[in-house]
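1. Only the shape, not the letters, is given here:
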Ligand code: C2E
Ligand code: MG
Ligand code: MG
């Protein structure tokens, strides 16, 4: 049987489930967060790339239009220049043409006659040249057209490139206008695709911009190698998607690098069908990495905080359980541990012995040396008992001065006896505490399992019963036997009945009987002794010796004493009402009651509130109460007497009080125990009682004789000068009504016959 420390470990289930959930949430969140971030930045990139591509597409379209317009403008210029020259055909000369060419900002202005001979020109060196058959001018002259603008061509005379235009004049000749190709070219070059792409790329930070044909072959590109660097598979996929969509964007790998490529179908652009813009993903990937890292850090932080709070709560719970299940003084598992442990593991299956080990007179040590010292004793006792701890032995601290030893498999009387001996042997040597050698004694109550599946709680009850039996029989060890439980059960029942009666103020279960006490001359009733009575529903009349002890053992004595005192005060009030306020009422006070710090104050307060003179009350205490702390308690007695309450020492002669002690005690009366009265023989005088009375008188104490039953006893007592007499000879304890009647009849008899003959009144 292992010393099961696991009980302090809280149940892991409530922690594991949130933990697993948390881990799951963490992983899923991380995954979605990472892919979300990537998606987000890819989208941003796509948007950016598309925006650029769209604007480029738009530009290309516009450039295309612009090129056409410029072509038109050039042609217009050629047309206007030629018609202006044609209008002045009559005055034409080299100078005029030169002047006009300068004014119109053209490079060549020529006039041909109908024979095709160049008659005038702004360039005099070409004058006289004649067109030959098949020359573009020849072809034009022979054509029906009035006006014609050529594409760029090389001039046959100068070898330079020109853009020429021709206009027929009414005389049959023609005007030729030429614009130097260099000028045209440089002007038009601004609208060429390559140039445009380069311009665009410079304005944006795109990696490359390419113009593609419908089947995605490169027409023009800002890249030098003019290749797309894409796999056939990717190209195929893009082609497919561009059939349905106008735009397509994707991250594609180019060698080691990741490139974002966007493809845009162009409309109304002659130079190409698709525009491809590539962006490097480097920056985006680094942003994704940074954002993801931060995101993950935040997640890890949140996760750690949650983990930490789970751990804190777990630890807190563990600590609480440790406090709940372990005794802080001895660090032994406690009663709750035992209960929980037996419920979890051994319920009904435990086989062995439960031993209840009780430190004898522990309370006395506590009172004598103080609680701190008491704690040290408990620690030392626990250490000694721990020497027994083995695999199949568990030790618990059960209550203040009690420990439990649970011995598995020790279910035979012989093994039990062996174990008990070992326990008792542990305390053969005195305990050494603070340089003091304390002889500590323990008593053991044991209970064995019988194979009928006894529960630990049952064994504990049996061991408690055995311990109690052992205490009563003044034995150090007692093993439970079946019959013992009857006594135990009787106690339980009586205790419950008392509790109920006190709570419900049930006067039929708990009440007082009053026994008259007569003066030593038998002339008058001087007092009553209030005696507690219990009429149990289960067992009938029960002796106060039994039920008061049960109340004391079970911390019910205070409530019971209050109840008794209230009854006694009620009786005293009745006596006063009946004009018998001079009679005293003696109330027995239990040790526990008397030891209460505020006992005297409480008593006086009660008397005051009921309006009863303290002189009407007598308290009876027994010698055993005064055993410890004599001085302090004697002071208490003094205080009581000074307030007017009388104090009697009950059962005198049965304890240890000597007359020396009596001298010191603050008393009014001693009550000689009935055992001494019984010894008064008929024929010869009992000298012991007579001496007791004489001695008490010398100390200024009054003497009451208890248990006067026989005529010769009273006669002798009267002869000895005893101050008061109490016993069945005069009356048994009576109900309040009968007690009242007793006084009345006593007084009546006295006045009518003046006799001193007493019958027993019942
Ligand atoms: P005690 O205070 O010494 O009370 C006297 C006992 O002797 C009473 O027994 C009484 O009934 C009995 N007795 C009186 N005259 C005779 C007689 O002539 N012959 C015999 N054989 N007995 C006589 P009881 O009522 O059974 O009480 C027993 C003890 O219980 C008391 O002894 C007292 O110590 C205790 N007790 C009774 N009532 C109370 C109470 O209210 N509070 C406390 N703390 N103890 C009480
Ligand atoms: Mg008494
Ligand atoms: Mg007595």
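-> Cool, the structure landed. Just so it is clear, the structure is predicted and the values come from calculations on it, not from any experiment. Numbering: from 1, shown residues only. Ligands and ions are numbered 1, 2, ... in the order given.
2. for residue 329, what are its contacts?
-> 375, 378-379, 382, 397 (Cβ atoms under 8 Å, 6 or more residues apart in numbering). Quick note: C-beta positions are derived from backbone N, CA and C, even for glycine.
3. Tell me how many other residues crowd the closest residue to residue 88 other than its chain neighbours.
-> Nearest non-adjacent residue to residue 88, counting by Cβ to Cβ, 6 or more residues apart in numbering: residue 96, 6.8 Å away. Per other Cβ atoms under 10 Å, the neighbour tally for residue 96 reads 16.
4. Could you double-check that residue 96 lies in contact with residue 87?
-> No: judged on Cβ atoms under 8 Å, residue 96 makes no contact with residue 87 at a distance of 11.6 Å.
5. Which of the contacts of residue 329 fall within helices?
-> Counting by DSSP state H, those place 375, 378-379, 382 in helices.
6. May I see the PyMOL selection of the buried members of these?
-> Buried subset of the ones in helices among the contacts of residue 329, written as a PyMOL selection, criterion 16 or more other Cβ atoms under 10 Å:
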select buried, resi 378+382
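7. Could you export the ones in helices among the contacts of residue 329 as TSV, including distance to residue 413 and pLDDT?
-> Shown next, in TSV, are those (distance: Cβ to Cβ, whole Å; pLDDT from 0 to 100):
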residue	distance to residue 413	pLDDT
375	36	92
378	30	94
379	32	94
382	27	94
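8. do you know how far residue 675 is from residue 736?
-> 29 Å (Cβ to Cβ, to the nearest Å).
9. Neighbour count: those two, which is higher?
-> Neighbour count, other Cβ under 10 Å: between residue 675 and residue 736, residue 736 has more, with 19 against 12.
10. where does residue 175 land on pLDDT?
-> If you check residue 175, the pLDDT there is 90.
11. Am I right that it sits in a helix?
-> No: using DSSP: H, G, I helix; E, B strand; the rest coil, the secondary structure at residue 175 is strand, not a helix.
12. Report back the residue of this protein that's furthest from centre.
-> The C-alpha centroid of the chain is most remote from residue 115, which lies 115.4 Å away (Cα atoms, centre = their mean).
13. quick revisit: and which of the ones in helices among the contacts of residue 329 is nearest ligand 3?
-> Distance ranking of the ones in helices among the contacts of residue 329 against ligand 3, using Cβ to the ion, places residue 378 first at 37.1 Å.
14. Run a quick check on the closest one versus residue 399, I expect a contact.
-> No: Residue 378 is not in contact with residue 399 according to Cβ under 8 Å; the separation is 10.8 Å.
15. Now stretch 633-653: buried residues?
-> For stretch 633-653, by 16+ other Cβ under 10 Å, it's 633-634, 636-637, 640-641, 645-653.
16. Report whether that stretch contacts ligand 2.
-> Yes: Stretch 633-653 is in contact with ligand 2 by Cβ under 5 Å from the ion, via residue 650.
17. Would you pull up how far that stretch lies from the middle of the chain?
-> Remark: stretch 633-653 is offset 57 Å from the chain centroid, using Cα atoms, centre = their mean, to the nearest Å.
18. mind checking the end-to-end distance for that stretch?
-> Stretch 633-653 has an end-to-end distance of 20 Å (criterion: Cα to Cα, to the nearest Å).
19. What average pLDDT does it get?
-> Stretch 633-653 carries an average pLDDT of 94.
20. What of stretch 411-426?
-> 90.
21. Contacts for that stretch, please.
-> 351-353, 355, 357, 384-385, 387-388, 405, 407, 409-410, 442, 444, 446, 448-451, 476-477, 479.
22. how far out from the middle of the chain is it?
-> Mean C-alpha position of stretch 411-426 versus that of the full chain (Cα atoms, centre = their mean) differs by 44 Å.
23. just stretch 328-342 next, same as before
-> With Cα atoms, centre = their mean, you get 22 Å for stretch 328-342.
24. what's the nearest residue to residue 313 if we skip its chain neighbours?
-> Spatially, and ignoring its direct neighbours in sequence, residue 313 is nearest to residue 15 (7.8 Å; Cβ to Cβ, 6+ apart).
25. ok, now how distant is the one you found from residue 31?
-> Using Cβ to Cβ, residue 15 is found at 25 Å from residue 31.
26. Right, I'll leave it there.
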